[in-house]
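Undergrad: sequence first, then the predicted structure:
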Amino acid sequence: MRIGVPRETRIMEGRVALVPAAAGDLVRRGHEVWVESGAGLASGFDDAQYERLGVRIARDAAELYGRGELIVKVKEPIEGDLALLRREHLLFCYLHLAPDPALARRLLDIGLTAVAFETVELDDGTLPLLAPMSVIAGRIAVQVGTHHLHQPLGGKGVLLGGLPATPRGRVVVLGAGQAGGAAAALAAASGAQVVVFEKRPDRLESMMRLGANVTALYPYEDQVAREVAAADLVVGAVLVTGAVAPKVVGRDMVRAMEAGSVVVDIAIDQGGCVETSRPTTWQDPVYVEEGVAHFCVTNMPGAVPRTASQAISAAILPWVDRLASGGWREDAALARGLNVEQGALRHPALQSMKL
């Protein structure tokens with residue numbers, strides 16, 4: 001099966017699905033790999049680095065999609081990609097279909113088969129292809145949240161770590177999975193007073209080990225409302241695999257926050273877990289709602305492509321090999337990741353979608 005890696009075309013998306021070392025490894029395993037010219041540039045890799053490892057370079061997207069059978073990319077396809085996708089393609093990328101019925105409908109109309117990175121699931125319930133980007137997004141969330149608390153940017157002028165004779169900044173993290181856990185760890189290390197909400201006891205326990213400045217709580221609605229109202233920064237990281245994220249923070253809770261506070265909704269890829277969230281881009285990342293700055297960029301790791309591309313390549317490499325060698329049916333984790341197959345929605349979380 002010929003593997004095709006297109007250049008990402010989403011606004012300010014610098015990642016590439018396979019770095020040269022990963023693509024070259026697939027070539028050594030006997031696969032024919034094509035990469036669109038310029039696909040790796042934003043991540044620090046030129047065409048020559050791919051060619052030296054036996055990877056073939058497609059001059060443009062049309063040639064790439066024409067030659068490729070297994071299309072491996074980072075983000076969900078947008079208009080230019082959709083025009084080139086065919087029924088015969090097997091698509092492997094982040095899809096986030098639950099909050100995007102229009103994209104789901106287009107993929108069904110094309111008739112292709114698509115396995116989503118974010119729903120490839122091991123027997124123990126872990127999501128190995130979502131994990132590395134979730135960690136990056138969690139760290140970015142605290143970095144950008146801290147930045148937008150600066151008063152010249154409209155923030156309330158709070159330094160999260162505080163100083164002697166000053167109170168610490170307050171950070172609320174909703175969810176303690178990979179993204180939320182990474183956000184909580186960085187916020188705690190910065191010296192902030194951190195409250196993490198999570199339902200799973202094992203995750204609550206792991207959050208308590210982050211330090212004396214971290215409190216881990218079950219997300220009872222009144223407790224969430226009280227802590228959100230007092231927060232300088234709220235990080236949303238709630239995940240239900242493959243499904244639309246539940247709205248954990250309502251508009252009334254956001255309205256109760258002090259003006260100049262910040263919300264960063266990592267869950268925006270799945271529709272967001274804050275009622276006032278809506279998708280933004282790195283080109284125009286922030287808007288103010290109820291006096292609170294909202295950062296809801298749908299491709300947060302795209303801002304650090306040199307790091308993110310290497311992390312995602314390492315994560316997906318064995319799965320790309322398996323897909324190209326035997327297809328998704330031969331692997332239970334890949335089968336769980338199946339979202340679309342020849343005109344039908346297959347993932348359980350997508351069955352109730354209204355198209």
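TA: Sure, I can see it.
Undergrad: right, and residue 118 touches residue 242 too?
TA: Yes. The pair residue 118 / residue 242 is scored as a contact, 7.2 Å apart, by Cβ atoms under 8 Å. For the C-beta atoms, the positions are set from N, CA and C on the backbone; glycine is no exception.
Undergrad: give the contact list for residue 122.
TA: Counting by Cβ atoms under 8 Å, 6 or more residues apart in numbering, residue 122 touches 128, 333.
Undergrad: phi, psi for it please.
TA: phi -80, psi 170 (degrees, to the nearest 10).
Undergrad: now do the buried residues in the lengthiest helix in the chain.
TA: Longest helix of the chain, by residue count under DSSP state H: helix 305-326. By neighbour count with 16 or more other Cβ atoms under 10 Å, helix 305-326 contains the buried residues 305, 308-313, 315-317, 319-321, 323-324.
Undergrad: stretch 107-125 too?
TA: By neighbour count on 16+ other Cβ under 10 Å, the buried set for stretch 107-125 is 107-108, 110-121.
Undergrad: can you add pLDDT and distance to residue 230 and give the residues you listed back as JSON lines?
TA: What follows is these, written out as JSON lines (pLDDT from 0 to 100; distance: Cβ to Cβ, whole Å):
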{"residue": "107", "pLDDT": "98", "distance to residue 230": "43"}
{"residue": "108", "pLDDT": "97", "distance to residue 230": "45"}
{"residue": "110", "pLDDT": "98", "distance to residue 230": "48"}
{"residue": "111", "pLDDT": "98", "distance to residue 230": "51"}
{"residue": "112", "pLDDT": "98", "distance to residue 230": "48"}
{"residue": "113", "pLDDT": "97", "distance to residue 230": "48"}
{"residue": "114", "pLDDT": "97", "distance to residue 230": "43"}
{"residue": "115", "pLDDT": "98", "distance to residue 230": "42"}
{"residue": "116", "pLDDT": "98", "distance to residue 230": "37"}
{"residue": "117", "pLDDT": "98", "distance to residue 230": "36"}
{"residue": "118", "pLDDT": "98", "distance to residue 230": "32"}
{"residue": "119", "pLDDT": "98", "distance to residue 230": "35"}
{"residue": "120", "pLDDT": "98", "distance to residue 230": "38"}
{"residue": "121", "pLDDT": "98", "distance to residue 230": "36"}
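Undergrad: what's the closest of those to residue 16?
TA: residue 117 (14.1 Å; Cβ to Cβ).
Undergrad: picking up where we left off before, which one of the buried residues of stretch 107-125 is nearest residue 274?
TA: The nearest member of the buried residues of stretch 107-125 to residue 274, counting by Cβ to Cβ, is residue 118 at 19.5 Å.
Undergrad: so the closest one lies in a strand, does it not?
TA: No. Residue 118 is assigned helix when assessed by DSSP: H, G, I helix; E, B strand; the rest coil, not a strand.
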